[in-house]
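> Structure of the sequence below:
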Amino acid sequence: MKTIAFGLLFFVAACSMQAQTKYLHDGSGKCVGSISADGKIRNSSGNLVKEVKSDGTVRDGSGGYFGKIKSDGTVRDKSGSRMGEIKSDGTIRNHDGTRLGQIDSDGTVRDRNGNNIGNTKGTNKNQAALVYFFSNNKKK
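Model (predicted):
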């Protein structure tokens, strides 16, 4: 009986963790990665590429400091320089204010020309913006 109870508990826990993971897709619908409820961002191979802490601190896949997403949506690189911003309406801008794209309320990700480049349905918009628009520490 204990084995059955433990097995059931393990199954429920595994399903619960799976339900907390949201998937990222490119414009053609191909899975390009995932974001888990604890802020871990993985590529399509399952490798950790970023982690966003509850205070907005962003770590790279090796645990090194990548930067920070401030509460106002400002994205800073590891040296504190402004990389861009994530507006409350989903607009993404680079360091000088040029529009990079948009994450619509339904999760559709659009480039600066309005082309569909992905879908982030159900994910945290700030975390998804890191993947689609701020994937490295270079200013765009």
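> Isn't Gly122 up against Gly107?
Yes. Counting by Cβ atoms under 8 Å, Gly122 does reach Gly107; the two are 6.7 Å apart. No exception for glycine: its C-beta is placed from N, CA and C like everyone else's.
> Between these two, tell me which one has more neighbours.
More crowded of Gly122 and Gly107, by other Cβ atoms under 10 Å: Gly107, with 18 against 11.
> Quickly find the element holding the closest residue in space to that one that isn't next to it in sequence.
Spatial nearest neighbour of Gly107, chain neighbours left out: Lys121 (3.4 Å); criterion: Cβ to Cβ, 6 or more residues apart in numbering. Taking DSSP states H and E as the definition, one finds Lys121 inside no helix or strand.
> OK, contacts around Lys121?
Going by Cβ atoms under 8 Å, 6 or more residues apart in numbering, Lys121 touches 22, 106-107.
> Please apply the same query to Lys68.
Shown in contact with Lys68 (Cβ under 8 Å, 6+ apart): 56-58, 75-76.
> Nearest to Phe133 among these?
Phe133 has its nearest neighbour among the contacts of Lys68 in Val75, at 8.6 Å by Cβ to Cβ.
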